[in-house]
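Visitor: Provided below are the primary sequence and the corresponding predicted coordinates.
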Amino acid sequence: MAFNLDPDEVGLILLDEGPGLQAGVEAQRTHRILDVPVGEALLGGVVDAVGRPLDYAGPVKAIRRAPIEAPAPAIMDRAPVTVPLATGVKVVDALISVGRGQRELILGDRQTGKTGIVVDTMINQKGKNVICIYCAIGQRSSLVAKVISDLKAHDAMSYCIVVFAPGDAPPGQLFIAAYATMAMGEYFMHQGRDALVIFDDLSQHACAYRELSLLLRRPPGRESFPGDIFYIHSRLLERSTHLRPELGGGSLTALLIIETEEQNLAAYIPTNLISITDGQIYLSPDLFSKGIIPAVDVGTSVSRVGGKTQLPAYRAVAGDLRLSYSQFEELEVFSRFGTRLDEHTRQTLACGRAVREAIKQPLYDPLPAAEQIAILLAAIEGFFDRLPAESVVAASAKIREMLRLARPSFYDLVEGGQKLDDTERKALVDLVRRAVDAEWKPSKP
């Protein structure tokens, strides 16, 4: 790929190792812009950054190809983001809602569960007519193999595409992988469909660009990154949007992962991406070490689209939950100093701890919105306060079981975007009360 156009020479990026190249070998241009195969033929497959299969399934039989670089849709071609992209993760859907067409950043230190959240999100799109494209940039082959295995185990691979540029690949492949992934997602968006692209992770993409730029003698700037590092990510992510109905109404949502070092959110690349995206989900290593999974720091995380995309039933149940939970976390820190606490403060702490137990969630177990709302309602109404922490999981499972058996219509009500009126709320409160009572074993005097 032509990268530098200088007066006396052209700087090129090699996309393969090029073992036969040496000084004096003649090279010819192809008169083509770098492109990749796009379309339905890629679904269920694993390809590299230029669209070649990596899963031994034979050549990709794509009818169309698209250039990896394309102009972002004009402002007047974009529609507001109003439809939620359900992740199946309680703490995200209830407190940091993500919409179709949004760009949300997921950041945190190594081994804090960032990839787990996006895999849960892909699994949760089953039956929702959302195409998922997972782009692994510079990741270990074992990690990507596990992601693919988990997707297949949950019958999710049929609507997914995996684009893999391993860490030992040439830096040219690491650089173009993100743009190739975006081109594949844009195809579905322009067909009027909903697509989700996931970049894991863009810190490796930035390092690959820095390596290429320094090799081609581009002037280094802060942290040796070239001055246009902000531009390469912004031109990538601006292509993610929700199109107007007359243009098909398709959407392209971007979830991008970035790795921080020692919880430093103010580093160069994280601050760049925070300013480009529509919000961030921060995973704290401190919460992770305490066994709070997913380790989402509610106070630091935000969605700048948020409530506009959230289902009305969430707002009826968890409208003030974000603020009250943040206040609980501050109050919990204060209470560690051993001061005497009044009854109201003790109740607030008990309720906050119950909510924290309620929003814990194991990997690869995304929940429907109706079940999330029922569990959160039990926590907010104080039904979990009397339970020991280890019993909240069992009580939550009992609520889900009873909801599926006794109130199957509630699923359609929530997914249909209807509000939770007083009658429905009362019936739901009665159901969760009975479920918690079934798990509560009062201590003997």
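Guide: On my side now, so go ahead. Numbering: from 1, shown residues only.
Visitor: which of the residues in stretch 154-172 are buried?
Guide: 154, 156-157, 159-166, 169-172 (16 or more other Cβ atoms under 10 Å). Bear in mind the C-beta positions are built from the backbone N, C-alpha and C, glycine included.
Visitor: tell me which residues of stretch 1-19 are tucked away?
Guide: Under 16+ other Cβ under 10 Å, the buried positions of stretch 1-19 are 11, 13, 15.
Visitor: just stretch 370-383 next, same as before
Guide: 370-381, 383.
Visitor: leaving out chain neighbours, which residue sits closest to residue 52?
Guide: residue 60 (7.5 Å; Cβ to Cβ, 6 or more residues apart in numbering).
Visitor: rewinding a little: could the buried residues of stretch 1-19 be laid out in TSV, adding distance to residue 214, pLDDT and secondary structure?
Guide: Formatted as TSV, the buried residues of stretch 1-19 follow (distance: Cβ to Cβ, whole Å; pLDDT from 0 to 100; DSSP: H, G, I helix; E, B strand; the rest coil):
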residue	distance to residue 214	pLDDT	secondary structure
11	12	90	strand
13	13	90	coil
15	18	90	coil
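Visitor: name the surrounding residues that touch the helix or strand encompassing residue 164.
Guide: According to DSSP states H and E, residue 164 maps onto strand 160-165. If you take Cβ atoms under 8 Å, 6 or more residues apart in numbering as the criterion, strand 160-165 is touched by 42-49, 54, 122, 131-139, 141, 144, 147-148, 151, 173-174, 177, 180-181, 184.
Visitor: any idea of the mean pLDDT in it?
Guide: Strand 160-165 carries an average pLDDT of 96.
Visitor: partner strands of that strand, parallel or antiparallel?
Guide: Take DSSP bridges as the rule and strand 160-165 pairs in its sheet with strand 46-47 (parallel), strand 130-137 (parallel).
Visitor: what comes up buried for stretch 234-242?
Guide: By 16+ other Cβ under 10 Å, the buried positions in stretch 234-242 come out as 234-237, 239-242.
Visitor: same deal with stretch 189-207?
Guide: 189-190, 193-207.
Visitor: before we move on, the earlier item: just the contacts of strand 160-165: which are in strands?
Guide: Taking DSSP state E as the definition of strands, the contacts of strand 160-165 contribute 46-47, 131-137.
Visitor: now the two most distant members of those residues.
Guide: Farthest-apart pair in the ones in strands among the contacts of strand 160-165 is 131 and 137; separation 19.4 Å (Cβ to Cβ).
Visitor: next structured bit after the helix or strand hosting residue 378?
Guide: Element membership for residue 378 (DSSP H and E) is helix 369-380. Using DSSP H and E, the next helix or strand after helix 369-380 towards the C-terminus is helix 392-406.
Visitor: just to revisit the earlier point, pick the one among the buried residues of stretch 234-242 closest to residue 3.
Guide: After measuring the buried residues of stretch 234-242 against residue 3 - Cβ to Cβ - the closest member comes out as residue 235, at 15.0 Å.
Visitor: the closest one reaches residue 178, doesn't it?
Guide: No: using Cβ atoms under 8 Å, residue 235 makes no contact with residue 178, being 10.7 Å away.
Visitor: list the buried residues of stretch 94-111.
Guide: 94-109.
Visitor: could you do stretch 39-56 as well?
Guide: Neighbour counts over stretch 39-56 (16+ other Cβ under 10 Å) mark 39, 42, 44-51 as buried.
Visitor: again, but for stretch 399-410
Guide: Buried-residue list, stretch 399-410, by 16+ other Cβ under 10 Å: 399-400, 402-403, 407, 410.
Visitor: and of the residues you listed, the nearest to residue 315?
Guide: Proximity of the buried residues of stretch 399-410 to residue 315 (Cβ to Cβ) peaks at residue 410, which lies at 16.3 Å.
Visitor: quick one: that closest one is in a strand?
Guide: No: counting by DSSP: H, G, I helix; E, B strand; the rest coil, residue 410 is located in no strand; its state is helix.
Visitor: got the contact list for it?
Guide: Here residue 410 is in contact with 370, 374, 403, 424, 428 (Cβ under 8 Å, 6+ apart).
Visitor: mind checking how far the first one is from residue 308?
Guide: Spatial separation of residue 370 from residue 308 under the definition Cβ to Cβ, to the nearest Å is 21 Å.
Visitor: and the last one, by the same measure?
Guide: Distance, residue 428 to residue 308, using Cβ to Cβ: 24 Å.
Visitor: neighbour count winner among the two?
Guide: For residue 428 versus residue 308, neighbours defined as other Cβ atoms under 10 Å are more numerous around residue 428 (23 against 15).
Visitor: helix 392-406 and the helix or strand hosting that one, what's the angle between them?
Guide: According to DSSP H and E, residue 428 maps onto helix 422-439. Orientation note: helix 422-439 sits at an angle of 130 degrees relative to helix 392-406 (axes from the mean of the first three to the mean of the last three Cα atoms, to 10 degrees).
Visitor: which residues touch helix 422-439?
Guide: Helix 422-439 has contacts (Cβ under 8 Å, 6+ apart) with 316, 373-375, 377-378, 381, 383-384, 387, 391, 394-395, 398-399, 401-403, 406-407, 410, 413, 420.
Visitor: for stretch 326-334, same thing?
Guide: Everything outside stretch 326-334 that qualifies as a contact, by Cβ under 8 Å, 6+ apart, is 298-299, 345, 348-349, 351-353, 355-356.
Visitor: reformat these as CSV; add secondary structure.
Guide: Formatted as CSV, these follow (three-state DSSP):
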residue, secondary structure
298, coil
299, coil
345, helix
348, helix
349, helix
351, helix
352, helix
353, helix
355, helix
356, helix
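Visitor: quick one: buried ones out of the residues you listed?
Guide: Counted by 16+ other Cβ under 10 Å, these give 298, 348-349, 351-353, 355-356 as buried.
Visitor: buried sites along the helix-or-strand element of the chain with minimal mean pLDDT?
Guide: When each helix and strand of the chain is scored by mean pLDDT, DSSP states H and E, helix 321-335 comes last, with a mean of 81. The neighbour-count criterion (16+ other Cβ under 10 Å) identifies 321-322, 325-326, 328 as the buried residues of helix 321-335.
Visitor: extract the C-alpha trace of that helix and format it as CSV.
Guide: These are the backbone C-alpha positions of helix 321-335, laid out as CSV (Å, rounded to 0.1, in the frame of the first residue of the first chain):
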residue,chain,number,x,y,z
LEU,A,321,-29.7,4.0,40.5
ARG,A,322,-26.6,5.4,39.0
LEU,A,323,-26.5,8.4,41.3
SER,A,324,-27.5,6.4,44.4
TYR,A,325,-24.9,3.7,43.7
SER,A,326,-22.1,6.3,43.2
GLN,A,327,-23.1,7.9,46.6
PHE,A,328,-23.1,4.4,48.2
GLU,A,329,-19.5,3.8,47.0
GLU,A,330,-18.4,7.2,48.5
LEU,A,331,-20.2,6.4,51.7
GLU,A,332,-18.7,3.0,52.0
VAL,A,333,-15.2,4.5,51.8
PHE,A,334,-16.1,6.9,54.6
SER,A,335,-17.6,4.2,56.8
